[in-house]
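1. need a structure here:
(one chain, ligands or ions: 2)
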Amino acid sequence: MTTTRTTVAIVGAGPAGLLLSHLLAREGVESIVLERRTRQYVEARIRAGILEASSVALLDSIGLGERIHREGFEHRGIYLQWPGERHHIDFVDRVGKSVHVYGQSELTRDLGRARDAAGQRFFYGVSDTVLAGLDTDGPSVSFRDERGEQVTIDCDLIAGCDGSFGPSRESVPESKRRIWERSYPYSWLGVLAEVAPSTDELIYAWHPDGFALHSMRSESVSRLYLQVDAGTDIAEWRDDRIWDALAVRLGDGEAGWHLTAGPIAEKSILPMRSFVMEPMRHGRLLLAGDAAHIVPPTGAKGLNLAIADTALLAEALVAFTKGDASPAEHYSERALRRAWRCTHFSWWMTTMLHTTGDPFEAKLQLAQLAWVTSSAAGASGLAENYTGMPIGF
Ligand code: RFL
Ligand code: PHB
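-> Residues are numbered from 1 along each chain as shown. Ligands and ions are numbered 1, 2, ... in the order given. Next up is the predicted model:
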């Protein structure tokens, strides 16, 4: 058994954990990152694709934006459509901000490389992670390393960045946490296709058959999504059925627009839910990202919310190590204000665009879409939220 020591033990090497270790190191605060999966697995995982303006600004400010600007795509807006109508919402015109298309796996690789260069201590492939002493001045995290050896990290603070299924959230006594949750009766079928995108910017499509989204990863890779019923078995969706449904829902042939099909490299079903745990702190444990809250992906907020939490958390932990506990005491309240804003926006985009089979609801959705796409106030509200509220607003 090995015992080691650091200032902050970071559980989870997703975007929140990696970025946190980077922000702490810049301020001279030492950390150790432990991760259940292998590094290859974490870096290959296909997830989010959109970075909002405040995320890009933060990454630029710490010298990590170079590849985003070189290889990512800057988008000035999105298309919103329903049968017979496609409208562009121009974020730059509305609120003076844009977003970048940049895969989460690319960001994870950039962060990993930056941490390697700085000599970050990592444990990948750990199991049996247990958090202890959260109510004391001397918390610790224990686990088995990839060779099966028992390791304990004694620390001053623990950052729970271990996503929706990690142990951090569960380490808070039930009497000390409150959960807010909503599940949706539909899921997304996500497809990664080896074909050039058929659109210059993302298309969010309302359709009586269900929502569809055309996104992208590069000049030769498209990312597409279809609304399917919750509980759908992926085996029911052969590739030709997927392309047929995408063509119908995205309006292939309408006003001269065509969807180009291609080989599907990966497909999976993503359940959708909204989830918030309050507070985001218990004693010496502070949570960030999916460990504390989950949003449905319709507004592209999950990754950005993890980045915003992490910026606030780094500030709080650095102050704590310098003897000022006040930012750590206010961390949960500050992070939750932004998290609830994004929870609302993601719920709003989701319920505006996904059909439920209720004709009255469909009428309301179309009325809302008509307003958002024709009114400056409606479009500006969407643009302000989509490009991201300031961190710590
Ligand atoms: P992550 O990225 O889930 O990272 C948490 C890390 O903690 C590790 N972990 C542990 N480590 C040590 N010990 C343990 N016992 C551990 N248990 C877990 C995990 O292996 C993992 O590496 O959380 P983080 O850093 O908070 O980042 C959040 C984002 O990853 C997330 O919000 C988004 O990816 C959500 N999301 C999407 N968001 C979007 O905005 N657009 C999308 O298209 C989109 N697609 C997705 C997604 C999330 C998905 N998941 C979680 C199922 C697609 C998927 C499949
Ligand atoms: C993606 O490219 O994966 C993506 C883009 C926008 C969303 C959700 C996912 O709203």
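
2. what packs against whichever strand or helix holds Ile32?
-> Take DSSP states H and E as the rule and Ile32 turns out to sit in strand 31-34. Taking 3 or more C-beta pairs under 8 Å, 6 or more residues apart in numbering; DSSP states H and E as contact, the helices and strands that strand 31-34 lies on are strand 8-11, helix 15-26, strand 121-123. Using the backbone N, CA and C atoms, a C-beta is placed for each residue, glycine as well.

3. now the stretch 201-350 of the chain against ligand 1: closest residue?
-> Using C-beta to the nearest ligand atom, Gly289 is the residue of the stretch 201-350 of the chain that sits closest to ligand 1, at 2.1 Å.

4. could you say which of the helices and strands packed on strand 31-34 is packed most deeply?
-> Mean neighbour counts were compared across the helices and strands packed on strand 31-34 using mean count of other C-beta atoms under 10 Å; the top stretch is strand 8-11, at a mean of 28.

5. so does that one get close to ligand 1?
-> Yes: judged by C-beta under 6 Å from any ligand atom, strand 8-11 and ligand 1 are in contact via Val11.

6. pull the distance from that strand to the chain's centre.
-> Here strand 8-11 is found 20 Å from its chain centre; the criterion is C-alpha atoms, centre = their mean, to the nearest Å.

7. ok, that strand: who's next to it in the sheet?
-> Looking at strand 8-11 with DSSP bridges, its paired strands and their directions are strand 31-34 (parallel), strand 157-160 (parallel).

8. and these, which is most packed in?
-> Mean neighbours per residue, mean count of other C-beta under 10 Å, is largest over the strands paired with strand 8-11 for strand 157-160, with a mean of 28.

9. what mean pLDDT does the strand holding Ile32 get?
-> For strand 31-34, the mean per-residue pLDDT is 98.

10. is ligand 1 contacted by that strand?
-> Yes: for a cut-off given as C-beta under 6 Å from any ligand atom, strand 31-34 has contacts with ligand 1, namely Leu34.

11. export the helices and strands packed on strand 31-34 to TSV and tack on mean pLDDT?
-> Output for the helices and strands packed on strand 31-34, formatted as TSV (pLDDT from 0 to 100):
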stretch	mean pLDDT
strand 8-11	98
helix 15-26	98
strand 121-123	98
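
12. including distance to Gly190, could the ones you listed go into CSV?
-> Formatted as CSV, the helices and strands packed on strand 31-34 follow (distance: least, C-beta to C-beta, whole Å):
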stretch, distance to Gly190
strand 8-11, 27
helix 15-26, 18
strand 121-123, 29
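
13. ligand 2: which of the ones you listed is closest?
-> Comparison of these against ligand 2 by C-beta to the nearest ligand atom identifies helix 15-26 as nearest, at 13.9 Å.

14. return the nearest residue of the stretch 251-393 of the chain with respect to ligand 2.
-> Ligand 2 sits closest to Ala300 of the stretch 251-393 of the chain, with a gap of 3.6 Å, by C-beta to the nearest ligand atom.

15. list the contacts of that residue.
-> Taking C-beta atoms under 8 Å, 6 or more residues apart in numbering, we find Ala300 in contact with 48-50, 52, 99, 386.

16. near ligand 1, which residues of this structure show up?
-> By C-beta under 6 Å from any ligand atom, the residues of the chain that approach ligand 1 are 11-17, 34-37, 42, 47-49, 104, 126, 129, 161-167, 270, 289-291, 297, 300-303, 306.

17. which ones are touching the closest residue in space to Arg121 that isn't next to it in sequence?
-> Excluding the flanking residues, the one nearest Arg121 by C-beta to C-beta, 6 or more residues apart in numbering is Ile32, at 4.6 Å. Contacts of Ile32 were listed using C-beta under 8 Å, 6+ apart, and they are 4, 6, 8-10, 121-123, 153, 155.

18. now swap in Ile242 and tell me
-> Applying C-beta under 8 Å, 6+ apart to Ile242 gives the contacts 189, 191, 224, 226, 264, 267.

19. that one: which element?
-> Element membership of Ile242, judged by DSSP H and E, is helix 239-250.

20. when you scan whichever helix or strand comes after that helix, is anything in it near ligand 2?
-> Beyond helix 239-250 on the C-terminal side, the first helix or strand identified by DSSP H and E is strand 264-278. No: under the criterion of C-beta under 6 Å from any ligand atom, strand 264-278 makes no contact with ligand 2; the nearest approach is 9.3 Å.

21. mind giving me the packing neighbours of strand 264-278?
-> Secondary structure elements in contact with strand 264-278, counted by 3+ C-beta pairs under 8 Å, 6+ apart, are strand 178-193, helix 239-250, strand 293-294, helix 326-353.

22. winner for burial among those?
-> Mean neighbours per residue, mean count of other C-beta under 10 Å, is largest over those for strand 293-294, with a mean of 26.

23. that one: partners in the sheet, and parallel or antiparallel?
-> Going by DSSP bridges, the partners of strand 293-294 are strand 264-278 (antiparallel).

24. report the backbone C-alpha coordinates of the partner strand in PDB.
-> Extracted C-alpha coordinates of strand 264-278, given in PDB (Å, rounded to 0.1, in the frame of the first residue of the first chain):
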ATOM      1  CA  ILE A 264     -21.400   5.500 -40.700                       C
ATOM      2  CA  ALA A 265     -18.300   5.000 -38.500                       C
ATOM      3  CA  GLU A 266     -20.100   5.000 -35.100                       C
ATOM      4  CA  LYS A 267     -23.600   5.100 -33.800                       C
ATOM      5  CA  SER A 268     -25.100   5.100 -30.300                       C
ATOM      6  CA  ILE A 269     -28.200   6.000 -28.300                       C
ATOM      7  CA  LEU A 270     -27.900   8.900 -25.800                       C
ATOM      8  CA  PRO A 271     -30.600   9.100 -23.100                       C
ATOM      9  CA  MET A 272     -31.700  12.600 -22.200                       C
ATOM     10  CA  ARG A 273     -32.200  14.000 -18.800                       C
ATOM     11  CA  SER A 274     -31.900  17.200 -16.700                       C
ATOM     12  CA  PHE A 275     -30.300  16.700 -13.300                       C
ATOM     13  CA  VAL A 276     -29.000  19.100 -10.700                       C
ATOM     14  CA  MET A 277     -27.500  18.300  -7.200                       C
ATOM     15  CA  GLU A 278     -27.500  21.000  -4.600                       C
END
